[in-house]
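S.K.: this is a predicted model, with the sequence first.
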Amino acid sequence: MKKWKLAFLIMASFLLVFVIVTVFRTVTVKSKQPAPKPTQAVIYEDAAVAHLSEAITYKTISYQDRSKFDFREFERFIAFLQKSYPTVHRQLELERINDYALVYKWTGTNSAKKPIGLTSHYDVVPVLTGTESNWEQDPFSGAVDNGKIWGRGTLDDKIGVLGILEAAEQLLKEGFAPNRDIYLMFGFDEEIGGDEGANAVAKTLRDRGIEFEFVLDEGGAIVENMVPGVVQPVGVVGISEKGSATAELSIEGSGGHSSQPKDHTNIGRISSAIAKLEETQFKGDLRGPGEDLFQFTAPEMSFGMKYVFANKFIFEPIIEKILLAEPASAALIRTTIAPTIFQAGEQYNALPEKAAAIINLRLMPGDSLEEVKASIEDIIEDQDIQVTLTGSEATKVSSIDGWEFKAVQQAARNVYGQAVIAPYLMFAGSDAKHYDAVSENTYRFLPVQINAEDLNRMHGTNERVSIDNYIKAIKFYYEIMKGV
């Protein structure tokens with residue numbers, strides 16, 4: 001046999017084996033979705049809608065300057081909760097921490113088991129000055145129109161507070177008793193970090209020796225057209241949130257007249273450093289929660305996409321290149337760099353003696369502040385530029401293998417039977433990070449189905465939620481309380 005024929009046969013054999021193995025891996029991928037058990041929750045829609053509508057009218061606004069808080073509105077909101085949910089307030093223990101953080105304890109039939117916690121926040125961000133006229137409905141009207149409830153907090157996050165309380169009120173009226181203690185915890189300053197709210201609650205409970213099996217906060221949602229190859233909406237449950245850090249690059253040196261500039265000015269050197277950082281970026285790596293997302297969604301993909309993700313060990317470089325092409329998916333697999341502030345100069349004809357830039361970074365789980373700082377210094381290659389880095393690293397990664405995640409997943413499937421429920425990495429911050437100190441696991445999930453426009457409305461103009469979404473959110477909390 002001629003050598004070229006032998007070589008061809010060998011290559012063909014290898015190709016055949018490759019195809020058989022990879023196709024076999026593809027067709028044997030099993031779904032990670034539990035079968036839905038359609039919820040039997042009975043929710044009184046008119047009353048529930050009226051409650052959320054009224055809740056929006058209370059201007060519980062968080063300001064970076066805490067002296068601007070109008071705590072009369074917070075008191076009015078708390079009084080509204082007491083009036084609207086009488087059974088909850090009659091049968092559950094309520095404690096106020098730092099006056100406005102609310103902790104309800106629902107004693108279960110077996111308090112020896114570790115409790116679970118459901119948390120949301122009732123503070124909202126301000127409406128940006130000058131945008132009021134852009135709203136189709138007044139942002140604090142709570143208007144109900146065309147099947148939607150309008151106003152600040154309908155998505156972030158009074159819907160969570162009222163959804164939890166509506167579900168608890170209904171379960172109590174039905175005579176339900178949970179299997180373990182359930183804590184309902186509502187913060188009042190999440191939008192500015194949660195230091196006096198969730199952080200104080202977590203410290204109080206830790207001092208009492210209370211440890212949760214899991215805490216569920218807002219975060220991911222059920223999103224349409226999120227994952228390539230998956231036609232169903234995907235419900236993403238945050239199992240960790242990226243760290244947030246601020247890097248300052250600064251340089252000082254002689255200034256002088258602009259008529260005799262050096263070849264490399266302070267502004268030029270800082271600009272060059274930023275350009276190098278943006279050009280180089282941090283390395284992408286499909287690992288951790290990002291990898292988990294695709295493990296859960298791959299079985300539901302079209303064959304071509306499923307083939308690629310089922311054989312990640314072969315196609316990982318291609319997958320990472322595709323993910324890095326879009327900002328949203330790139331943020332899933334790498335620490336991100338976002339220059340946000342540049343400071344230099346006061347006079348058009350004078351060289352500034354100092355230049356500085358501020359860069360916001362969102363850190364992947366496993367990336368330390370020290371490593372990130374060292375990487376920045378290596379990339380910019382300018383020893384005269386001082387790099388300081390402050391902030392927080394990513395939160396711990398919660399389990400996706402235990403009953404805790406499965407309880408969240410099952411409750412979501414019971415309400416949204418067609419959705420694919422998967423873990424993911426949350427990019428923004430939440431109160432959940434504070435509960436890491438007192439909980440085995442912290443999950444982040446807002447049980448509503450939304451699109452890209454809805455995401456932009458959360459802190460923007462025309463925030464609103466459909467009545468159907470709100471009722472389904474209540475049913476989700478009903479299912480989660482019954483399921484634990």
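M.R.: Perfect, thanks for sending it.

S.K.: what's the longest helix in this protein?
M.R.: helix 3-27 (DSSP state H).

S.K.: pull out the buried residues from stretch 62-75.
M.R.: For stretch 62-75, a neighbour-count test (16 or more other C-beta atoms under 10 Å) marks Ser62, Phe69, Glu73, Phe74 as buried. Just so you know, the C-beta spots here come from the backbone N, C-alpha and C atoms, and that holds for glycine as well.

S.K.: redo those as CSV? Include secondary structure and pLDDT.
M.R.: Shown next, in CSV, are the buried residues of stretch 62-75 (DSSP: H, G, I helix; E, B strand; the rest coil; pLDDT from 0 to 100):
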residue, secondary structure, pLDDT
Ser62, coil, 97
Phe69, coil, 96
Glu73, helix, 98
Phe74, helix, 98
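
S.K.: what helices or strands is the helix or strand bottoming out on mean pLDDT in the chain leaning on?
M.R.: The weakest-scoring helix or strand in the chain, judged by mean pLDDT, DSSP states H and E, is helix 3-27 (a mean of 74). Contact here means 3 or more C-beta pairs under 8 Å, 6 or more residues apart in numbering; DSSP states H and E; on that basis helix 3-27 packs against helix 303-310.

S.K.: rerun at 10 Å
M.R.: For helix 3-27, the contact count by 3 or more C-beta pairs under 10 Å, 6 or more residues apart in numbering; DSSP states H and E identifies helix 303-310, helix 312-324 as packing neighbours.

S.K.: relative to Lys406, which of those is closest?
M.R.: helix 303-310 (21.7 Å; C-beta to C-beta).

S.K.: that closest one - what's its average pLDDT?
M.R.: Helix 303-310 shows a mean pLDDT of 87.

S.K.: that helix: how far from the chain's middle?
M.R.: Here helix 303-310 is found 27 Å from its chain centre; the criterion is C-alpha atoms, centre = their mean, to the nearest Å.

S.K.: ok, residues contacting it?
M.R.: 22-29, 227-230, 286, 291, 294-295, 297-301, 314-316, 318-319, 322 (C-beta atoms under 10 Å, 6 or more residues apart in numbering).

S.K.: flag the shaky bits of this protein, pLDDT-wise.
M.R.: In the predicted model of the chain, residues 1-6, 8, 10, 254-263 satisfy pLDDT under 70.

S.K.: list the contacts for Leu171?
M.R.: Neighbours of Leu171 in contact, by C-beta under 10 Å, 6+ apart: Ala41, Thr87, Val88, Trp106, Ala177, Pro178, Ile182, Tyr477, Tyr478, Met481, Lys482.

S.K.: looking at the helices and strands packed on helix 3-27, which is nearest to Val125?
M.R.: helix 312-324 (29.9 Å).

S.K.: excluding its backbone neighbours, what's nearest Phe176?
M.R.: Lys482 (6.9 Å; C-beta to C-beta, 6 or more residues apart in numbering).

S.K.: whoops, I mixed them up, Pro365
M.R.: Closest residue to Pro365 apart from its sequence neighbours, by C-beta to C-beta, 6+ apart: Ala394 at 4.1 Å.

S.K.: what sits against that neighbour?
M.R.: Counting by C-beta under 10 Å, 6+ apart, Ala394 has contacts 240-244, 288-289, 335, 362-368, 425-426, 433.

S.K.: I'd like to know which of those residues are buried.
M.R.: The neighbour count (16+ other C-beta under 10 Å) marks 240-244, 288-289, 335, 362-365, 367, 425-426, 433 as buried among the contacts of Ala394.

S.K.: which one of those is nearest Asn146?
M.R.: For the buried ones among the contacts of Ala394, the nearest to Asn146 is Met426 (31.1 Å; C-beta to C-beta).

S.K.: in stretch 343-357, what counts as buried?
M.R.: Neighbour-count burial for stretch 343-357 flags Ala344, Gly345, Leu351, Pro352, Ala355, Ala356, Ala357 (criterion: 16+ other C-beta under 10 Å).

S.K.: for stretch 19-37, same thing?
M.R.: Thr22, Arg25, Thr26, Val29, Lys32, Gln33.

S.K.: surely the fifth one meets Gln410?
M.R.: Spelled out, it's Lys32. No. Using C-beta atoms under 10 Å, Lys32 is not in contact with Gln410, being 11.9 Å away.

S.K.: find the residues that touch each one of these two.
M.R.: Common neighbours of Lys32 and Gln410 (C-beta under 10 Å, 6+ apart) are Ile421.

S.K.: sheet-wise, list the partners of the host helix or strand of Phe214 with their directions.
M.R.: If you go by DSSP states H and E, Phe214 is part of strand 212-223. According to DSSP bridges, strand 212-223 forms sheet pairs with strand 116-121 (parallel), strand 234-241 (antiparallel), strand 439-450 (parallel).

S.K.: burial count for Ala168?
M.R.: The number of residues packed near Ala168 is 26, by other C-beta atoms under 10 Å.

S.K.: nearest residue to it in space, ignoring adjacent ones along the chain?
M.R.: Ala168's closest residue in space is Val88 (C-beta to C-beta, 6+ apart), at 5.3 Å.

S.K.: residues contacting the one you found?
M.R.: Taking C-beta under 10 Å, 6+ apart as the test, what Val88 contacts is 81-82, 94, 104, 106, 164-166, 168-169, 171-173, 184.

S.K.: now with 8 Å?
M.R.: Tyr104, Leu165, Ala168, Glu169, Leu172 (C-beta atoms under 8 Å, 6 or more residues apart in numbering).

S.K.: measure it to His121 for me?
M.R.: Relative to His121, Val88 is positioned 18 Å away (C-beta to C-beta, to the nearest Å).

S.K.: just Thr280 next, same as before
M.R.: From Thr280 to His121 the distance is 37 Å (C-beta to C-beta).

S.K.: who has more neighbours out of these two?
M.R.: Using other C-beta under 10 Å, the more surrounded residue of Thr280 and His121 is His121, with 28 against 14.

S.K.: who's in contact with that one?
M.R.: Residues in contact with His121, defined by C-beta under 8 Å, 6+ apart, are 157, 160-161, 186-191, 194, 197-198, 218, 431.

S.K.: could you redo the last one with a cut-off of 6 Å?
M.R.: Going by C-beta atoms under 6 Å, 6 or more residues apart in numbering, His121 touches Asp157, Gly187, Glu190, Asp431.

S.K.: okay, and the beta partners of it?
M.R.: Beta-bridge partners of His121, as defined by DSSP bridges: Gly187.

S.K.: tell me how far it lies from Thr461.
M.R.: 21 Å.

S.K.: what do you get for Tyr100?
M.R.: Taken as C-beta to C-beta, the span from Tyr100 to Thr461 is 27 Å.

S.K.: could the strands paired with strand 212-223 go into JSON lines alongside distance to Lys406?
M.R.: Below are those laid out as JSON lines (distance: least, C-beta to C-beta, whole Å):
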{"stretch": "strand 116-121", "distance to Lys406": "13"}
{"stretch": "strand 234-241", "distance to Lys406": "11"}
{"stretch": "strand 439-450", "distance to Lys406": "11"}
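
S.K.: done for today, thanks.
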